[in-house]
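> When you get a sec, could you give me coordinates for this:
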Amino acid sequence: MSHTEILHTRPPTSFQQIHPDLIPGILLARQLLATGKLTALADRLRLVRQGGYSGVDLLLFLIVYLAAAPRWGIRPFWSHRARDLHAAALLLGRRQLPSPSAVSRMLASVDVDAVRDLTVEALTDTNGMDQLLEHPATATTDALGQAWHVFDRDGRVLPHRRRHLPDDDGRPHAVRLVDASAAPGYSGRKRADVQVHRSTLLHNGSGAFFHIRLAPGGGHRRSELTADLDALDQVIARTGIDRSRVILRADGEFGKLPSLAAVDDAGLAYVTRLTRPRLLDQPEVRRHLEAGPWHWVPDSGCGPRRSALDLGEVLITPGKSTRKADGTHYAPVRARVVVSRCRLQEHKTAASVGTFKANWQMELFVALRLPPDAWPASAVVELYFGRAGAETRFHLEDRAMGLDRTFSWSLAGRQLAIAVGLMVHNWRLVEGHRLQPPDDAPPPPTKACISVDPRPLKLDPLPPQPLNPDPIEDPDTHPDTPMRPILDAVHWPDVLRKRVEHGWNYDHEAVALRCPTDKRLPITNTGRLPHPRKRWRLQFRAPKGTCTDCPMRADCFTSPQPKATKMVTVTVPASVGEALRPILKQVQLDRRRLRSHRAHQAHRPSDQPPKTETAPFQVTFPNPKAPKPRFEPHAPMLRPEVLRRRWQRCISQVQLKVEARLPRRKPPDPAIARSRADRQRLRSTWKARRQRYALPVNATVHLTIGGSPHLLQQLGFTAKPSASG
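Have a look, this model is predicted:
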């Protein structure tokens, strides 16, 4: 500290001056200042503002505000607690804390990259987090009695409505502040015009948050998962937990190959849905499903009962368009796959999630790096659906700390406020565990009880797969051949009377118009004209790329698009149009099939046989003589909300009173420069900016803390007056 602080401790009396709501934030901020962590975070959050507050002032205000569990916004909170906030600033070594308008300007000026780096540092580096994660009640136990750490990552939508604003010549241009941070996207059941996507990384056993990331619209899944994995690496390095005992659990939107490859490269276990319904259509897989045995999945007793079956190891290959950011292909990933089944409800005719097979709703799950002896198929399905509790916890934390409010219309400022709130949440958990540690005796293991689902499974037989013979390149079998007799009945010299003199004609063999450069234009559309003579129109269009390098393009049409092609519309009798309309749709479908076959033949080696069906999955079925599980897997037993209540009860017994003696100083004359740097108007250093609102060196602060001696000793306060300079 730059000033002198005199500390007094005494039994609890009625002397308290600072409001109890501000005491948790003051204690947390003082602890961060004493350890130097707050200064390190402020160095990452460098605000370039002339003559204003620095990053440390913004962090101090957010900590005090969010630790108070605010019932109001920033401005009402400032109005109701102005006197107490001034006393809090003196205890934190500052002359004053920023006002609501200054906080708004600072949140709008932070850099998004700096905020994302600060988020990882603030949430992963919490003193005492390693002791909390080492507690047996925070671990998930498998069938062998081994402890695992389960991390949940999930995405949420923060919706916004864009109200209509009048925009005419008599008003200024309509500006919506929400457009700076939100964008359109799929909002699910929420009514929203624009939205912000929020992805969160949560430790399931302790309830601690380790990463938060905001993005406009629907977000970017690959970059979000990469950021979560980087944050998880720092958690593993700082807490010392075993990487081979870490499970990442995610929703089905992360069940595709890019996500599987990213988690596999990180060396973590992974549980998610698998988006490969075609796997259930392979004959050997269907025989394995019908043979069983299926085991009941433990559940809460509400909803349809599920049973699970292990499919074994499956080689998951990438699609044709699935590529990395650098354009290279993904390597196949071999992962364990589990399938679950349940009966559809009577009013449903198809499965809302998964696939529908013979009145069964079947879902596929990936159990990457989870051995079958430790995690049976039923335990994998139970582990995945345990995400429901984590999603509820996301909502409860927002409601308890008010993090669902809009702190700023800047995306970076909003993420900074949420990250500070989650840091306060983690600190409460750690302090509640430190002040009153729960019983560390692990729960006794329960002997595994294997229950087989006796319901028979009989799938419908697969329809025969017809082979697709190579189409014969014969004019009589061309897709346009059925239209030839209909178009031959048209008197084309009269229809093309204005184009014949320019070299246009009708090609009987190609069933298309032919342009002056000998290019063919097949028929693409037909329709009735609103004409008293009831004539029909026919549209002919050149294929894509035909007119790109044509020498007569400038004289033929004037489209500025380089890939645009020529389109010719003619009128024909109604009898011709009515005869073409029923068959034109099938003709266009046959054309696409022919083009697809030609493209496949062009890229296929000459010695490769024609491909008649999709390549099957490589499946290695499990060993039927595998040992049975010994114990019943169970979820973590810790209740994080109890730890927070314990901390809150302890803090409610603490009373603070502050008295400050600030030196009187004469304000400097603005006509006289205070230094050479002031005379030259040089930019202040980061250290000078941080000291702008700090207390002067010769200031004295008397802090009186009331509470029981045992509690004050636990909080780190000595029982006799002390001074620090």
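> What strands line up against the longest strand belonging to the chain, and which way round?
The longest strand of the chain (DSSP state E) is strand 147-160. For strand 147-160, the pairing partners within the sheet under DSSP bridges are strand 140-141 (antiparallel), strand 194-203 (antiparallel), strand 246-249 (parallel).
> Of all those strands, which one is nearest His597?
strand 194-203 (41.2 Å; C-beta to C-beta). The C-beta positions use only the backbone N, C-alpha and C, and glycine is treated the same way.
> what's whichever helix or strand comes after the closest one packed up against?
Per DSSP states H and E, the first helix or strand lying C-terminal to strand 194-203 is strand 209-216. Helices and strands touching strand 209-216, as assessed by 3 or more C-beta pairs under 8 Å, 6 or more residues apart in numbering; DSSP states H and E, comprise helix 112-124, strand 147-160, strand 194-203, helix 221-239, helix 411-435.
> Now do stretch 545-559: distance from first to last residue.
14 Å (C-alpha to C-alpha, to the nearest Å).
> List the buried residues for it?
Thr546, Cys547, Cys550, Arg553, Cys556 (16 or more other C-beta atoms under 10 Å).
> Pull the distance from that stretch to the chain's centre.
Mean-position distance between stretch 545-559 and its chain equals 46 Å (C-alpha atoms, centre = their mean, to the nearest Å).
> can you list the domain ranges for the chain.
Domains of the chain are assigned by automatic domain parsing as 4-109+654-724, 124-163+179-435, 475-599.
> can you list those in a markdown table and add mean pLDDT and distance to Arg644?
A markdown table is the format used below for the domains of the chain (pLDDT from 0 to 100; distance: least, C-beta to C-beta, whole Å):
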| stretch | mean pLDDT | distance to Arg644 |
| --- | --- | --- |
| domain 4-109+654-724 | 82 | 10 |
| domain 124-163+179-435 | 89 | 5 |
| domain 475-599 | 82 | 60 |
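> Can you say which of the ones you listed is packed in most?
Highest mean neighbour count of the domains of the chain: domain 124-163+179-435, a mean of 18 (counted as mean count of other C-beta atoms under 10 Å).
> what ranges do the helices span in the stretch 501-650 of the chain?
553-556, 574-603, 640-651 (DSSP state H, counting those that start in this stretch).
> Adding distance to Asp179 as columns, could you present these in CSV?
What follows is the helices of the stretch 501-650 of the chain, written out as CSV (distance: least, C-beta to C-beta, whole Å):
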stretch, distance to Asp179
helix 553-556, 41
helix 574-603, 40
helix 640-651, 37
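> who wins for proximity to Asp310 among those?
Closest among the helices of the stretch 501-650 of the chain, using C-beta to C-beta: helix 640-651, at 32.8 Å.
> Summarise which helices and strands the next helix or strand along the chain from that closest one is packed against.
Using DSSP H and E, the next helix or strand after helix 640-651 towards the C-terminus is strand 655-661. With contacts taken as 3+ C-beta pairs under 8 Å, 6+ apart, strand 655-661 sits against helix 82-91, strand 700-706.
> Any idea which of the ones you listed gets closest to Thr517?
Going by C-beta to C-beta, the one of these nearest Thr517 is helix 82-91, 80.0 Å.
> Now do the next helix or strand after that closest one: which elements does it pack against?
Under the assignment DSSP H and E, the closest C-terminal helix or strand after helix 82-91 is helix 100-109. On a contact count with 3+ C-beta pairs under 8 Å, 6+ apart, helix 100-109 meets helix 55-67, helix 74-80, helix 411-435.
> got the angle between the longest one and strand 194-203?
For helix 411-435 against strand 194-203, the angle between stretch directions is 30 degrees (axes from the mean of the first three to the mean of the last three C-alpha atoms, to 10 degrees).
> Looking at the buried residues of stretch 545-559, spot the one nearest Ile23.
Cys547 (76.3 Å).
> Leu7 belongs to a strand?
Yes - under DSSP: H, G, I helix; E, B strand; the rest coil, Leu7 sits within a strand.
> Any chance of the strands paired with strand 147-160 in CSV with distance to Ala88 as columns?
Output for the strands paired with strand 147-160, formatted as CSV (distance: least, C-beta to C-beta, whole Å):
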stretch, distance to Ala88
strand 140-141, 40
strand 194-203, 29
strand 246-249, 39
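> To Pro485, which of the helices and strands packed on strand 209-216 lies closest?
helix 221-239 (53.5 Å).
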